[in-house]
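# Need the 3D shape of this:
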Amino acid sequence: MNNNYRFFSNKQCEYFPCHKVENEEDFNCLFCYCPLYFLENCGGNNKVVYGVKDCSSCMIPHNPKGYDYIIKKIVEVNDVKREAIFKEKKK
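Model prediction:
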């Protein structure tokens, strides 16, 4: 598989798949725990239930193209933080 670092499927996991899906072959387990969870504006399909972010309806991390989305979002957040630090140092 080309770019195999972008996709991992653990069919031996007792929870596989942890979300309802049409095609288990396309279910990506690489981001079992989404690295964007703590972002308020992660871009995913989530809701707040009793004060806790519920991402059970979000398939971004498990989508075969989710890797690209997540990496892009991490870079965007990093760029914003870097710019804020740069502005603070200029003061």
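# how near is residue 77 to residue 44?
Look at residue 77 and residue 44: by C-beta to C-beta, to the nearest Å, they are 14 Å apart. Every C-beta, even on glycine, is put in place using the N, C-alpha and C of the backbone.
# Pick out whichever of the two has more residues nearby.
Neighbour totals were compared for residue 77 and residue 44, and residue 44 leads with 20 against 14 (other C-beta atoms under 10 Å).
# Please name the residues that touch the residue nearest to the more buried one when sequence neighbours are not counted.
Spatially, and ignoring its direct neighbours in sequence, residue 44 is nearest to residue 58 (3.9 Å; C-beta to C-beta, 6 or more residues apart in numbering). Contact analysis of residue 58 by C-beta atoms under 8 Å, 6 or more residues apart in numbering lists 34, 44-46.
# element containing residue 58?
For residue 58, there is no helix or strand it lies in under DSSP states H and E.
# Just the buried positions in the least confident helix or strand in the chain by mean pLDDT, please.
For the chain, using mean pLDDT, DSSP states H and E, the weakest element among its helices and strands is helix 66-90, scoring a mean of 88. Judged by neighbour count (16 or more other C-beta atoms under 10 Å), helix 66-90 contains these buried residues: 66-67, 69-70, 73.
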